[in-house]
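> Please work out how this folds:
(chains A, B and C, ligands or ions: 3)
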Amino acid sequence: MNAQPTYVRPADVEDAISIKASLGPAGIYGCGLTAAQLGWGVKGPEQTIIDIAGLDLGSDVCLADSGSMVLAANAPLERLRLDPLISRQLPWFAEFLRYVGSTATRNQASLGGNLLWGAGDLEVLFAAVDAKLRFAGNGRAQSLGPTVSDQPEDLLISIIVPALQGQRIFVEKLGHRQAFSPSRVVVAGCVGRQSARLAVRLAGHPVATVETPWPMNWPLDDALFAGNAAPYLKSAAHNLLRGHLAQLAQRDMA
Amino acid sequence: MRISFTLNGEPQDRVVNPFDKATSILAEQCGQESVKTSCAIGRCGACTILVDGKSANACLLIAAKMDGTDVVTAEGLGRRADAIIDRLRENGAIQCGYCAPGLLVSLVTLLERAPVGEKLQRQELETVLAGNLCRCSGYTGLRKAILALSS
Amino acid sequence: MNAVTGLEEKLRGSFRYLAEGQPVGTLHGALLTSPLAHATIRRLDVSAARSLNGVHAVVTAADVPSDFVMGTAILDRPPLARGKVRFQGEPMAAVAAETQEIANAAIALIAFELEPLPIVSAPGDALNEGAAKLHDSGNLCSSFIYSRGKVDADFEECAHVIDHRLTTPRQVPAAMELEGGICIPSPTGIELRAATHSPFYTRSLIASMLGLPERDVRVIGSPIGGSYGGKEEIHIQPVLALLAWTARRPVRLILDRPQSMAFATTRHPFEIALKIGCDRAGRLLALAADVLVDNGAYASFGPEVLDTGMECIQSAYAFRSVKLRGRLAYTNNGVGGAFRGFGALQTLTAIELAVDILARKAGHDPLTFRRINLAGANDPGPLGQAIIPQPELPKVADALSSLPAWRDETPSQRYLSGTGYALVRKGEGFAGGGPNGASGVLALTLDGQVMFQSSLVEMGQGLETTVRNTLLATFDLDEADIGCATGSTDAGADSGPTSASRGTQIALRLIRAGKMPFLEKLYVGAAEILQVPMDALRLGPGGFYQRMAPQNKPDLSLSDLAASAGEIVTQIGIPGIETMQAGANVHTLFTTCAARARVRIDRWTGQVACTGLDLLPACGPPISPVAFQGQMTGAGAQALGFCLTEHQPYEEGTVMASNFDSYFIPTIADVPDVNVHPVTWLAPDDPVGIRGGGEIGLNAAAPAIANAVASALDAAPTHLPVRPEWVLDALARQGRTP
Ligand SMILES: Cc1cc2nc3c(=O)[nH]c(=O)nc-3n(C[C@H](O)[C@H](O)[C@H](O)COP(=O)(O)OP(=O)(O)OC[C@H]3O[C@@H](n4cnc5c(N)ncnc54)[C@H](O)[C@@H]3O)c2cc1C
Ligand code: FES
Ligand code: FES
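Ligands and ions are numbered 1, 2, ... in the order given. Got it, this is the predicted structure:
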């Protein structure tokens, strides 16, 4: 409809959805725009940006009666990192956020954008804990994975981290230096009494997730380590998973 | 489009292309040469500014998003930066200075968040400043300056 | 005391770098650069760009005198590609226009046709028979040969011999301030504001390109927002000057980061093959070295870098015999140039690794092994040249041995740690033939300030503080009485380049040399005005005091002196401290430094972190302690990058890292606190009394870090930066994988 891509700030969620509906593929939701911009080139975006950063999608963090945590899709990552409720309930998340972008980037970047742009580090962690994404409209809540495209037609409202009583979580990112680096490998695991859920991403590949019984059988499923990835990435990922799991197993023994 | 925002306390009203970067709006149109461009992709911190009190990379901030915000650059920090500047001086934390305004902005947010007196953990300091690259100093003087202020 | 001048202004953003604060009406510059690494330019048509509204100048090689080429030892580089392009990112044309958008649009309108030529992507290939030639003279840009004693016989005599090969990274200076500047033409000349280490050299070059008398070219070369050698080479100044001179309007031209990553000169990758041996007692007998250097497309400082690297390859040790060969080959991989450490960093890292390997093999600890093999205080220099004696060498070795032990790390299944040492020396200033001498000016200005004027430049290293501290120590004056002017051709005194760690030495020696003649003029003037004999006067804070009448106010203030006597000026010239040696470019003044580093190696990922670094520079008592400290800590971080994170790879002539999302400079989380332990003792009769601290910390830190990796892994790195792939392989070979 309008040839010249532009920028709109919807008044509320309904407004956003109706703008998106009227623009169709010529419009795209955006939040911090830190990832969206990477593909823009000098001329700016090819689609109109519907900026959802200022919408009220609920409070950043909310502890539901079920024990699950509901996180607003447009919450900036740095605010989540410093949120007292997150530090208490999901300390591994707060800790991991140190390694996602820089402080300034995290002030601009949102959780939803990270999970949807296609190569976000948090995707691995949230896949391991089997977080659900709740989209507007049909109210569907879905798991992270290949079905969530990086340019969803629907507005992501919130992310639900299930109650994780008794589960041990680990997550680690391997970059090119000690901080503020694109990732080469991200591994995460959520280990319960009977089973463990592991997720891995090797740079340039999609997230792979497996459920395995716990204590687990070695070796790890090869499918976790994207077939054509560099051998180094595979061994580093393998060692990281093995190392973290071995530490947990040792603790279980003790 | 037309945007209005405050810059170091002064109201601003400008006509911009929505996808212009805040770096060029601030440095070229508003004369804030403290807002440096070095990488232009959010990877060096030379363009760090405060937007509604939070640090942000001006090179990743599009003009449209500046509308309605309160922007502060290193030039507008005023007294908030006095104590830090003294410590940076004593510890030789700055050399060529090209990273300095962006660094000062990050430092102010860091130190205002952790009240002076409460010991700032080394890890937290490194987390908050990892986005401000300095090619000259090796960061030793910087770390000493901050720890001196926060201890 | 500030380590650097303008600190508060820098932090608060009111400090102006050279490409900022352009006059109203300044045009915007833009560059067309080559997308190919090696090609013949078949067509370059700028007519459409020229006729675009708002465009004031479009320049190509056709606008540069056809015989104008740049370089130091070898002149081979046109400011805009002529006939051929030799690296990706080489400028082919430039535009000045009323807005940046118009300038960019004009660039897009330039029609060109490039016919690809075979790409020379490695120095070894470059020297093969039949390789495509970058220059008519062939691909061997320069070479180095030296031998002393009977190497073969000495190897026979050795109880232990080892070989080691090391390939070093293409490290990019990557100053935060990009290359660029502003050029303002007048009817007869130009004013060029762009970073340079050597304002007079830049002036003569630009003047000759434009066909102007030198006096009509004014060059302001500092302050600089970081250089580390990167802005020592002529960068974009000629193109900028050409645009402004053609447009007859002020022009501002600044590279963007991707342009800079391709265009800026980088540290040369060295492929170093070493063989060294020692006798049963652990005394080093013989060294054989073969070094091949990737020079990139133009000579730049390559020949000097090769010579310096080869001169330093013996580090601070006394080998009985040596046989050295070095070759510098043209390739299509960007352009190598000056970068802090200047060839010495590469060879020192290699030899220090080899020394540790040999020490371990011979059953000596690395500290004792270094100690027993140090060059003697009065030995000739590494290439047999006369040098200033170095009695400080054993003191540095002692200081290294007596560093306090590290705090113990908690043992871990995951991490290995290792400690490494290095003890190195490198020549300061330029080799014989210079430029090693310098001029400067001491002046009493009309407003009563004692001013030191030179063309040395301030780039954050604290030159201005050093000058001020030296003035205060030389003359009994107050802060308010002294001043310093740096970084331009204005003073008319060519102090030579501010590089090769010579800035401090030159400033100090100029002020010392000018002191007596300058004071003499002041005293004569003051005595005449006060009508008293000279020996009844004393210069003190604010002016002249009569000796007999103690008081807190001068009898003749400096400004009254200047008002009556006029400006008092002393031109100063100092000769170079240099040795000329047939067949080799050699240094005379050497600087020593030791280092200790600790690393932590992640056995899971192969990632290496540097967790501790001590530097022991033997530079005499620092004139500006805070600035000196800063030179060392900054050097530590750059050494860490060289060893662990930084490399600009080329694939078939294509730049692989074009910004900071793929080129990784250490962050605050990567760099440990660098502890500096200056060894201040130099021989009492040392002719300078200090050494520059610009480079030596880097040259010691890098080999110490590399040796720490070697000690943690029981395997010496063969490539830098250390690749985690290699670490995991090394662990696997030893059966130490987790
Ligand atoms: C300098 C820099 C460093 C970075 N470092 C890292 C890093 O270390 N790790 C990492 O994982 N990422 C990193 N990123 C990538 C990215 O910026 C972040 O992942 C960030 O969280 C994206 O959030 P955003 O709000 O800016 O997303 P946007 O750019 O606004 O959006 C990204 C995508 O998600 C869609 N989208 C966003 N929100 C919604 C929503 N609510 N509903 C529907 N669709 C939506 C957009 O349409 C777009 O396709 C970095 C980026 C930069 C520029
Ligand atoms: S210029 Fe904005 S982060 Fe580098
Ligand atoms: S002081 Fe030069 S980059 Fe920080």
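> quick one: the helices in chain B?
B:22-24, B:63-66, B:82-90, B:100-113, B:122-129, B:140-150 (DSSP state H).
> tell me what the shortest one is packed against?
Going back to what we said before, that points to helix B:22-24. Applying 3 or more Cβ pairs under 8 Å, 6 or more residues apart in numbering or on different chains; DSSP states H and E, we find helix B:22-24 packed against helix B:63-66. All C-beta spots, glycine's among them, are computed from the backbone N, C-alpha and C.
> does the helix it packs on come close to chain C?
No. Using Cβ under 8 Å from any Cβ of the partner chain, helix B:63-66 never reaches chain C; the gap is at least 15.0 Å.
> Next, residue C:206: secondary structure please.
Judged by DSSP: H, G, I helix; E, B strand; the rest coil, the three-state class of residue C:206 is helix.
> shouldn't it be in contact with residue C:216?
No. Using Cβ atoms under 8 Å as the test, residue C:206 is too far from residue C:216 to be in contact (10.2 Å).
> and the closest residue to ligand 2 within the stretch 101-250 of chain A, what helix or strand is that in?
Residue nearest to ligand 2 within the stretch 101-250 of chain A: residue A:104 (7.3 Å; Cβ to the nearest ligand atom). For residue A:104, the enclosing helix or strand under DSSP states H and E is helix A:103-108.
> coming back round to it: what residues are shared contacts of residue C:206 and residue C:216?
residue C:190 (Cβ atoms under 8 Å, 6 or more residues apart in numbering or on different chains).
> if you skip the residues just before and after it, what's nearest to the residue nearest the centre of chain B?
Centroid-nearest residue in chain B, with Cα atoms, centre = their mean: residue B:105, separated by 2.8 Å. Closest residue in space to residue B:105, ignoring its immediate chain neighbours: residue B:48 at 4.5 Å, by Cβ to Cβ, 6 or more residues apart in numbering or on different chains.
> right, is the helix holding residue A:104 up against chain C?
No. Counting by Cβ under 8 Å from any Cβ, chain C is not contacted by helix A:103-108; separation bottoms out at 11.4 Å.
> OK, contacts around the residue nearest to the centre of chain B?
Residue B:105 neighbours (Cβ under 8 Å, 6+ apart): B:48, B:49, B:50, B:55, B:72, B:73, B:74, B:77.
> ok, now with 10 Å
Neighbouring residues of residue B:105 by Cβ atoms under 10 Å, 6 or more residues apart in numbering or on different chains: A:104, B:34-35, B:45, B:47-50, B:55-56, B:58, B:72-74, B:76-77, B:81, B:132, C:11, C:13.
> Can you list which of those are found in strands?
If you go by DSSP state E, those have B:48, B:49, B:50, B:55, B:56, B:72 in strands.
> give me the number of residues near the nearest residue to residue C:584 once chain neighbours are set aside?
Of all residues not flanking residue C:584 in the chain, residue C:383 sits nearest, at 5.1 Å (Cβ to Cβ, 6+ apart). Neighbour count for residue C:383, taken as other Cβ atoms under 10 Å in any protein chain shown: 23.
> same thing with residue C:574?
18.
> now do residue C:291
Quick note: residue C:291 (other Cβ under 10 Å) scores 25 neighbours.
> ok so, going back, is it possible to export the helices of chain B to JSON lines including distance to ligand 2 and mean pLDDT?
Below are the helices of chain B laid out as JSON lines (distance: least, Cβ to the nearest ligand atom, whole Å; pLDDT from 0 to 100):
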{"stretch": "helix B:22-24", "distance to ligand 2": "6", "mean pLDDT": "96"}
{"stretch": "helix B:63-66", "distance to ligand 2": "15", "mean pLDDT": "98"}
{"stretch": "helix B:82-90", "distance to ligand 2": "20", "mean pLDDT": "95"}
{"stretch": "helix B:100-113", "distance to ligand 2": "8", "mean pLDDT": "95"}
{"stretch": "helix B:122-129", "distance to ligand 2": "13", "mean pLDDT": "94"}
{"stretch": "helix B:140-150", "distance to ligand 2": "18", "mean pLDDT": "91"}
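> Now distance to residue C:640 too, for the ones you listed, in TSV please.
As requested, these are exported to TSV (distance: least, Cβ to Cβ, whole Å):
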stretch	distance to residue C:640
helix B:22-24	29
helix B:63-66	36
helix B:82-90	22
helix B:100-113	19
helix B:122-129	15
helix B:140-150	12
